[in-house]
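Novice: have a look at this prediction, sequence included:
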Amino acid sequence: MNYSTLKKTTVFTLVSFAFIGMTFAQTKNLTLTKKTSMSDSVKTPKLFGGADQYNTWSVGANIGITAPVVITGGTDAFTGNNPNFGYSITLKKQLTHTFSLRLDVSGGKVGGSESAGFLVPNPGNPTETVNVTSFTTSYISGSINGVFNFGNINFLKRKNGINFYASGGLGLIDYAPKISFPSGTTTTSYDFKDHAGSNKTATYIHEMVIPVGVGVKFKLTDKLDLNVGYTENFIDGYNFEGVKVKYPAKNKYSFGYGGIEYTFGPKNKTSLEWVNPVALMYDELYDAALRQEVEALKGRVKNVEKSIDDLKKDSDGDGVADQFDKCPNTPAGTVVDGSGCIIIFPVDTAKEEEVDTTKLAPDESVVNGKVVKATPYSKISFEFDSSVLTKSSYPALEATIEDLKKTGKTITIAGYASSEGTSSHNMALSKDRANAIKNYLLKGNVPAKQIKIKGYGETHPIADNSSEDGRKLNRRVEFIQ
């Protein structure tokens, strides 16, 4: 069989295997699709769930035909090919859905012939020559290979049914060449050159081998695959064919094979090799449970938004939200305190009538019939557990309003409390006191952008809380400019 015939035979064999595998894989895939839809026994993996949710170990067995030539070409000592059988056993660890490491152990025979023969020195009498017409080499090899899945085909669903792969590795080969003469005699011991170019005589040779191959795999079941491939093996030596003709061309041989591969692991896990990440992501996005969770999340967000709107709602427009308004439905324009209640300004009419208010300076006010000179930004004091403004605070607040309008400065209203009660209560009380001042300033037409508030609770006391006099001083609001 010549080289051209070998190529045709190899291609025909591989195509036949591929056609059978495709047909079986398609039929089996459709059957499995129906079965899977009826059962939830197989766990659905998550896109970022890790390799633990898959089966990653597999073992394979292959048989095929060997040849002393390779499809990619090169120099061949024997132009004729004598087909022989070979085998391989594999153990594979799938690291990702596209890459794996595979241990290959293979063996068999490789044979070739030359009709004209080769004139080589006679092993028994080196001064004479003999004609070598064929060779047969028995071999066994072991190698570590990296396998890369570079393509796939899907059948009527988003799961891979066929994978295409390429492999390459490094290993050792042990082989014994046997040459034949026209007389029919053979010898297993012959003078040849080793990879260093030195003459030596041996029966068994040990060399390094580099296997490079391609293949296609068909998914038959979740556990079983059909494997069809072709491997070219390049040997680091010149003696695989038992003769040193056409030296220094290094020897090589090919192995076209078909076989099965079985994946180990629990039945409720799929093989990592057949994962389709794009389809997995698509399935996760359209997973019913996930969509329900998203809808539930939308509902929770809507409830939170409604609660926030309720917190901001101010039905009577007094500047205090309904949530905190203790006196709802106050008339428009009414001055209220931090709790939304009307501020009552006690006035001693009899005494006020004695004062000519038309002659008051801008920074003066009348309190209990007396003219009080107000200082802007003075500390404002409060009664125990109260955020209601006292009448003594009005002059300072009016002076503050006038200065804020005049200067346009921004201030922070800082509220404080004494240490009676819980810290959380005192914190809320200090904020109510600051809000009462803010509302008063807003009613005085001070722009809201000039005002900020901050509650400090019982922290930052300015007096000792162990005495009532000290606690009175701590019940206050300060202006921070």
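Specialist: Cool, got the structure.
Novice: listing partners with orientation, what would you give for the longest strand along the chain?
Specialist: Ranked by number of residues, the top strand in the chain under DSSP state E is strand 129-154. In its sheet, strand 129-154 lies beside strand 99-121 (antiparallel), strand 160-180 (antiparallel), with partners assigned from DSSP bridges.
Novice: show me where the chain has its helices.
Specialist: For the chain, the helices defined by DSSP state H cover 3-38, 277-285, 288-312, 349-352, 394-407, 423-443, 468-474.
Novice: just to revisit the earlier point, now the longest strand of the chain: buried residues?
Specialist: Neighbour-count burial for strand 129-154, counted by 16 or more other Cβ atoms under 10 Å, picks out 130, 132-139, 141, 143, 145, 147, 149, 152. The way it works is simple: take the backbone N, C-alpha and C, and place the C-beta from them, glycine included.
Novice: do the same with stretch 108-122
Specialist: For stretch 108-122, a neighbour-count test (16+ other Cβ under 10 Å) marks G108, K109, V110, G111, G112, S113, E114, F118, V120 as buried.
Novice: just the CA atoms of it, as PDB, please.
Specialist: Provided in PDB are the C-alpha atoms of stretch 108-122 (Å, rounded to 0.1, in the frame of the first residue of the first chain):
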ATOM      1  CA  GLY A 108       1.000  -2.400  18.900                       C
ATOM      2  CA  LYS A 109       3.000  -2.900  15.700                       C
ATOM      3  CA  VAL A 110       4.100  -0.800  12.800                       C
ATOM      4  CA  GLY A 111       5.200  -2.300   9.500                       C
ATOM      5  CA  GLY A 112       6.400  -1.200   6.100                       C
ATOM      6  CA  SER A 113       7.900  -2.600   2.900                       C
ATOM      7  CA  GLU A 114      10.000  -1.600  -0.100                       C
ATOM      8  CA  SER A 115       9.600  -3.600  -3.300                       C
ATOM      9  CA  ALA A 116      13.100  -2.800  -4.500                       C
ATOM     10  CA  GLY A 117      14.600  -3.400  -1.100                       C
ATOM     11  CA  PHE A 118      17.600  -1.800   0.600                       C
ATOM     12  CA  LEU A 119      21.200  -2.900   0.300                       C
ATOM     13  CA  VAL A 120      22.700  -2.900   3.800                       C
ATOM     14  CA  PRO A 121      25.700  -4.500   5.400                       C
ATOM     15  CA  ASN A 122      25.200  -8.200   6.200                       C
END
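Novice: for the record, mean pLDDT for it?
Specialist: Across stretch 108-122, pLDDT averages out at 80.
Novice: likewise for stretch 130-140?
Specialist: On average, stretch 130-140 scores 87.
Novice: same check, this time on stretch 164-172
Specialist: 96.
Novice: got it, and stretch 383-400?
Specialist: Per-residue pLDDT values over stretch 383-400 give a mean of 87.
Novice: same thing with stretch 56-67?
Specialist: Mean predicted confidence for stretch 56-67 is 96.
Novice: gap between it and the chain center?
Specialist: Computed by Cα atoms, centre = their mean, to the nearest Å, the chain-centroid distance of stretch 56-67 equals 34 Å.
Novice: swap in stretch 296-316?
Specialist: Taking the mean of its C-alpha atoms, stretch 296-316 sits 34 Å from the chain's own mean (Cα atoms, centre = their mean).
Novice: next, the buried residues of it.
Specialist: Within stretch 296-316, the residues that qualify as buried are D316, counting by 16+ other Cβ under 10 Å.
Novice: ditto for stretch 316-324
Specialist: In terms of neighbour count (16+ other Cβ under 10 Å), stretch 316-324 has its buried residues at D316, D318, G319, V320.
Novice: can you redo the buried residues of stretch 108-122 as a markdown table with distance to G73?
Specialist: Output for the buried residues of stretch 108-122, formatted as a markdown table (distance: Cβ to Cβ, whole Å):
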| residue | distance to G73 |
| --- | --- |
| G108 | 22 |
| K109 | 23 |
| V110 | 17 |
| G111 | 20 |
| G112 | 16 |
| S113 | 19 |
| E114 | 18 |
| F118 | 21 |
| V120 | 25 |
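Novice: ok, so of the residues you listed, who is nearest K219?
Specialist: Lowest distance from K219 to the buried residues of stretch 108-122 (Cβ to Cβ) belongs to G108, with 27.4 Å.
Novice: number of residues surrounding the closest residue to that closest one other than its chain neighbours?
Specialist: Leaving out its chain neighbours, the residue that sits closest to G108 by Cβ to Cβ, 6 or more residues apart in numbering is G86, at 3.0 Å. G86 has 22 neighbouring residues, counting by other Cβ atoms under 10 Å.
Novice: tell me the confidence at G86?
Specialist: Confidence score, pLDDT, at G86: 97.
Novice: if we can go back for a sec, and the strands paired with strand 129-154 as TSV, adding distance to T400?
Specialist: Listed next are those as TSV, based on distance: least, Cβ to Cβ, whole Å:
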stretch	distance to T400
strand 99-121	74
strand 160-180	76
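Novice: K269 is in contact with Q53, correct?
Specialist: Yes - with contact defined as Cβ atoms under 8 Å, Q53 reaches K269; the gap is 6.4 Å.
Novice: how much space between the residue nearest to G108 and G265?
Specialist: Using Cβ to Cβ, to the nearest Å, one gets 29 Å for the distance from G86 to G265.
Novice: swap in Y253?
Specialist: Between Y253 and G265 the computed distance is 35 Å (Cβ to Cβ).
Novice: between those two, who's got more neighbours?
Specialist: Set side by side, Y253 and G265 show more neighbours around Y253, with 28 against 16, by other Cβ under 10 Å.
Novice: and the closest residue in space to the more buried one that isn't next to it in sequence, what are its bridge partners?
Specialist: Nearest residue to Y253 in three dimensions, chain neighbours excluded: V110, at 4.6 Å (Cβ to Cβ, 6+ apart). With DSSP bridges applied, V110 shows beta-bridge pairing to T137.
Novice: pretty sure V110 contacts G242?
Specialist: No - in this structure, V110 is not within contact of G242 by Cβ under 8 Å, at 10.7 Å.
Novice: mutual contacts of the two, please.
Specialist: Counting by Cβ atoms under 8 Å, 6 or more residues apart in numbering, the contacts common to V110 and G242 are T137.
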